[in-house]
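1. need coordinates for the following:
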Amino acid sequence: MRILSLALVLLTATVAWAADGEDRPNFLVILCDDLGYGDLGCYGNSTIQTPNLNALAKQGMRLTACYASAPVCSSSRAGLMTGRTPSRIGVYDWIPADNVMHLQASEKTIASLLQADGYATCHVGKWHLNGKFNSDQQPQPGDQGFSHWFSTQNNASPTHENPNNFVRNGKAVGQQEGYSCQVVADEAIHWLKSGRDADKPFFAFVCFHEPHEPIASPDELVAHYGDAKKEGEALYYANVENMDRAVGRLMKAVDDLKLAENTFVFFTSDNGPETLNRYRNAWRSHGSPGPLRGMKLHIYEGGIRVPGIVRFPGRITPASESDEPICGLDLLPTICELAEVSAPKDRTLDGASFAQSLDGGKVDRPAPLFWHYYNAISPAKVAIRDGDWKLVAHIDLGTKKAGGYFRPEVSQAIKQGKLTTLELYNLADNLAEKHDLAAEKPEVVSALKKKLQTKYDAVLDEAPDWAAPSK
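-> Prediction:
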């Protein structure tokens, strides 16, 4: 009888655990490419039509101090996926095709952690975490936690229209009809409706190529912006609007499948906007950083502060806003907390969970937010944010030239770079970073410099060198 009672107790516990497992939240992370802080209606843009993202903000929370992990694409994605500062794990810059730099197999990602705990996982769109794409020489999306993937190495090629460089689960699929954001949305919607194991909670990572160059947009949407004066301006605005339509279709699928109540949706961008004529073919880039200084490839706010919208019914008050600083690095610990999955304990995590901020709380952040980018356009290449204070430092890389794409021989120069000129800004009073307070606040500079130097040294001490490929 005692054996039977014990069996019933164990059975009851197992059933209860299973029921709890079924209630674990789903996660949908939507990442845009080069979308500026000022590109959406809900962030003050009065020209570009973004009704679906405006509606998403009204359904959830608009983040006014949402940061990317880095001011450049591959680095930002690596930080988001791992919760670790990109330079710490050796993703120092954007990754050209066939480059040696990649997200290493030893890293634990959001997808690998959730997959190991019973989640169905899917990546759709831009990958950009390796140079040797769809090759056994470097890890692919399927090696880093995604049971289904429909991806490109970098940008949609030859443009967003009828792209021909997608690979599905290791097999090239040839030219796709339509525009990249809609192709990506189609795949994600198909997976949600019939491609996943519906008995499992899911993590879907949907990465649009828009509005990164080379931009292509439907003529019907370009016609919405007949008042545009500059070459390529209407094309860019239509590109953002087309992406907004793709988000709308994706959210409708979630709602139609009655998944909304238990799905955490996070929308953001990988870095700030590309700006017109930075390079010869960027004539279609008209992204806006809004009131912020700088753009993509800058450590200033315009390069790293991005749109951020979270929807999680029952946890988030609709149409709410939060000025709590959060970063792409925070996504892994946040998702782990919400999913009740253990975050990695065997390595340094640079992010912190922002789960408490969803209902008005503060992020318990043990160390200041930190950004490092050796190849920035501006001389400022390292920064920390501690409360409202932001300290920016220039780096002296010595005689080694670091311009252009990443090369293995640059690794040592990066690791030996010395911090030089310091700039200090109070973001509460000076969001545009126009007034450098370093000379006026030497005591603040001194305290923050110690924190910055400590973090900088720790990150570069762990950062790997990349060996040149053997010939």
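
2. Gln140: how many residues sit nearby?
-> The burial count assigned to Gln140 is 24, neighbours taken as other C-beta atoms under 10 Å. Heads up, the C-betas are built off the backbone N, CA and C, glycines and all.

3. what's the pLDDT at the nearest residue to it once chain neighbours are set aside?
-> Spatially, and ignoring its direct neighbours in sequence, Gln140 is nearest to Asn134 (6.4 Å; C-beta to C-beta, 6 or more residues apart in numbering). Model confidence at Asn134, expressed as pLDDT, equals 98.

4. Asn134 and Asn165 touch, don't they?
-> No. With contact defined as C-beta atoms under 8 Å, Asn134 does not reach Asn165; the gap is 9.8 Å.

5. overlap in contacts, these two.
-> Here Asn134 and Asn165 share the contacting residues 153, 172, scored by C-beta atoms under 8 Å, 6 or more residues apart in numbering.

6. which phi and psi does the spatially most central residue of the chain have?
-> Geometric centre of the chain, nearest residue: Asp270, 4.2 Å, by C-alpha atoms, centre = their mean. Torsion angles at Asp270 (phi, psi; degrees, to the nearest 10) stand at phi -80, psi -20.

7. give me the neighbour count for the closest residue to it other than its chain neighbours.
-> Excluding its sequence neighbours, the residue lying closest to Asp270 (C-beta to C-beta, 6+ apart) is Ser76, at 4.2 Å. By the measure other C-beta under 10 Å, the count of residues near Ser76 is 32.

8. packing partners of the longest helix along the chain?
-> Secondary structure of the chain per DSSP state H: the longest helix is helix 233-256. Secondary-structure packing of helix 233-256 (3 or more C-beta pairs under 8 Å, 6 or more residues apart in numbering; DSSP states H and E): strand 26-32, helix 51-59, helix 180-190, helix 219-222, strand 263-269.

9. still on that earlier bit, tell me the secondary structure at the residue nearest to Gln140.
-> Assigned state for Asn134: coil (three-state reduction, DSSP: H, G, I helix; E, B strand; the rest coil).

10. where along the stretch 1-150 of the chain do the helices fall?
-> Here the stretch 1-150 of the chain has its helices, by DSSP state H, counting those that start in this stretch, at 2-22, 51-59, 73-82, 110-116.

11. return the alpha-carbon coordinates of the shortest one using PDB.
-> Meaning helix 110-116. Taking Å, rounded to 0.1, in the frame of the first residue of the first chain, the C-alpha atoms of helix 110-116 are listed here in PDB:
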ATOM      1  CA  ILE A 110      19.500  31.200 -26.200                       C
ATOM      2  CA  ALA A 111      18.500  28.600 -28.800                       C
ATOM      3  CA  SER A 112      20.900  25.800 -27.500                       C
ATOM      4  CA  LEU A 113      19.800  26.400 -23.900                       C
ATOM      5  CA  LEU A 114      16.100  26.300 -24.700                       C
ATOM      6  CA  GLN A 115      16.400  23.400 -27.200                       C
ATOM      7  CA  ALA A 116      18.100  21.300 -24.500                       C
END
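
12. gap between the nearest residue to His212 once chain neighbours are set aside and Asp93?
-> Distance criterion C-beta to C-beta, 6+ apart; nearest residue to His212, sequence neighbours excluded, is Asp33 at 4.0 Å. Distance of Asp33 to Asp93, computed by C-beta to C-beta, to the nearest Å: 15 Å.

13. got it, and Gly170?
-> 26 Å.

14. so which of the two has more stuff around it?
-> Shown here are Gly170 and Asp93; by other C-beta under 10 Å, Asp93 has more neighbours (25 against 12).

15. good, we can wrap up now.
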